[in-house]
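Novice: predicted model follows, preceded by the sequence.
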Amino acid sequence: MNKKKLLPLAVLACIVALLGVLLAVLNRTDSAQTDTTIPLCSLAADDLDTLAYAGNNMEVTLLKGSDGTWRLDSDPTLPLDQTKVQSLVEGYTGLTALRKLEGDDLAALPEKSQTPQITIMLGAGEQSVNLTVDQLNSVADVYYVYDESGAAYTVQRSDLATLSKSPRDLYKAQTLTDKTIDDVAAMQVNELAFTQTDGNWTLTDEPGYALTQSSVKKMASTILEMQTAWSITAPEADSTYGLDEPDVTATLTFTDGTSLTVRFGNACTDTEDSLCYLASDAAPTVVYEVNADYKTAYAVTKESLHDEAATAETADPADVVAQYPVGGENDFADSLPE
């Protein structure tokens, strides 16, 4: 290739490189010009060991232990989803203001409320940051936020909307066992006893009784796969939750000789969700709240579990009444088709 052909290519390469450098510079300049928000917290998320916020009929204090696990100060044994808590911590430490109010803006600022929307405290060792979220400016869609020095800022309402998490929002759902359906040897549901052999379920005291396998398996699987919606770590007496006279008592016996018994109690009345109380002998000091639909899996009787199709398929031909009986007082031989 001669020099005349190479020259345009070299020029083009230089132009592309120059455009790339220019674009990078413009991006940095544009970013610097548009990012005018003001950080409200000087503490790093990883350094935080205390997060407390109160308001909207809620008061939450979270403490990080020496093992790095966040716990609820008022209920340290309540299981918390650490990923959710960490996300919340990062939301608070990353909180920014649109602008700081000064001069004439301060004169137009409404009087500070006696009952702020939220008070926030973030701590890291001896250091702390305190913020007060006050009145909402519905026109600008911002909250007026004060730091501990009394300086006022405006913060977008959307930035604060996701930060008031209740303990239920941070709860980590629990399972009752790590066993699988293949580990189950037998099951007792109220007065009905079942045995599982090679994946087939039978009535323990009547093995020949044809059962709807999917319905029986559902009862066992419900316990194995159930996830709790809440844990009451310091429960009152069983009668408070209807667990002294449970609606359903179910026991799974496993192939290793261990067992798990659960009791379903009353419907929960302190939540809008459709939940009911449940006790497990694997955690005897805790009462759980679970989806009430779980209990419906056990609304069965021996008769409702009978598999009519299986009975028909396995019936002895000698037990089937002939379509055209011959002999005896009901002799219809004359009516047989030729």
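Specialist: Okay, I see it.
Novice: roughly how far does residue 294 sit from residue 306?
Specialist: In this structure, residue 294 and residue 306 are separated by 23 Å, where distance is defined by Cβ to Cβ, to the nearest Å. Glycine gets a C-beta too; all of them are placed from N, C-alpha and C.
Novice: so for those two, which residue has more residues nearby?
Specialist: Neighbour tally, residue 294 and residue 306, criterion other Cβ atoms under 10 Å: the higher count belongs to residue 294, 19 against 14.
Novice: that one: what secondary structure?
Specialist: Assigned with DSSP: H, G, I helix; E, B strand; the rest coil, residue 294 falls in the helix class.
Novice: isn't it up against residue 226?
Specialist: Yes. With the criterion set as Cβ atoms under 8 Å, residue 294 and residue 226 qualify as a contacting pair; they are 5.7 Å apart.
Novice: what touches both of those two?
Specialist: Among the neighbours of residue 294, those also in contact with residue 226 (Cβ atoms under 8 Å, 6 or more residues apart in numbering) are residue 278.
Novice: so who does the spatially most central residue of the chain touch?
Specialist: For the chain, the residue lying nearest the average C-alpha position, counting by Cα atoms, centre = their mean, turns out to be residue 173 (5.7 Å). Applying Cβ under 8 Å, 6+ apart, we find residue 173 in contact with 227-229.
Novice: among these, which one sits closest to residue 121?
Specialist: Sorting those by distance to residue 121 puts residue 229 at the head of the list, at 29.1 Å, by Cβ to Cβ.
Novice: distance of the closest residue to that closest one other than its chain neighbours from residue 271?
Specialist: Distances taken as Cβ to Cβ, 6 or more residues apart in numbering put residue 289 closest to residue 229, at 4.9 Å, once the chain neighbours are dropped. Relative to residue 271, residue 289 is positioned 7 Å away (criterion: Cβ to Cβ).
Novice: neighbour count for these two, which is higher?
Specialist: Each of residue 289 and residue 271 had its neighbours counted (other Cβ under 10 Å), and the higher figure belongs to residue 289 (23 against 12).
Novice: three-state assignment of residue 224?
Specialist: Assigned with three-state DSSP, residue 224 falls in the helix class.
Novice: pretty sure it sits against residue 182.
Specialist: No. The criterion here is Cβ under 8 Å, and residue 224 misses it with residue 182 at 10.1 Å.
Novice: ok, the two, which is more surrounded?
Specialist: residue 224 (17 against 11).
Novice: report the separation between that one and residue 297.
Specialist: Look at residue 224 and residue 297: by Cβ to Cβ, they are 12 Å apart.
Novice: for residue 146, list each beta-bridge partner.
Specialist: Beta-bridge pairing of residue 146, defined through DSSP bridges, involves residue 132, residue 152.
Novice: for it, give me its contacts.
Specialist: Contacts of residue 146 were listed using Cβ under 8 Å, 6+ apart, and they are 112, 131-132, 134, 152-153.
Novice: among those residues, who's most crowded?
Specialist: Among the contacts of residue 146, residue 131 has the most neighbours (other Cβ under 10 Å), with 23 neighbours.
Novice: name the nearest residue to that one, sequence neighbours excluded.
Specialist: Take residue 131 and drop its neighbours on the chain: the residue closest to it by Cβ to Cβ, 6+ apart is residue 120, 4.3 Å away.
Novice: need the contact list for that neighbour.
Specialist: If you count contacts by Cβ under 8 Å, 6+ apart, residue 120 has them with 52-53, 92, 129-133.
Novice: JSON lines please, covering the residues you listed and showing distance to residue 207 and pLDDT.
Specialist: Formatted as JSON lines, the entries for the contacts of residue 120 read as follows, by distance: Cβ to Cβ, whole Å; pLDDT from 0 to 100:
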{"residue": "52", "distance to residue 207": "61", "pLDDT": "98"}
{"residue": "53", "distance to residue 207": "60", "pLDDT": "98"}
{"residue": "92", "distance to residue 207": "61", "pLDDT": "98"}
{"residue": "129", "distance to residue 207": "69", "pLDDT": "98"}
{"residue": "130", "distance to residue 207": "70", "pLDDT": "98"}
{"residue": "131", "distance to residue 207": "68", "pLDDT": "98"}
{"residue": "132", "distance to residue 207": "70", "pLDDT": "97"}
{"residue": "133", "distance to residue 207": "67", "pLDDT": "97"}
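Novice: show the buried residues in these.
Specialist: By neighbour count, with 16 or more other Cβ atoms under 10 Å, the contacts of residue 120 hold 52-53, 92, 129, 131-133 as buried.
Novice: hang on, the residue nearest to residue 131 is in a strand, isn't it?
Specialist: Yes. Inclusion of residue 120 in a strand is indicated when three-state DSSP is applied.
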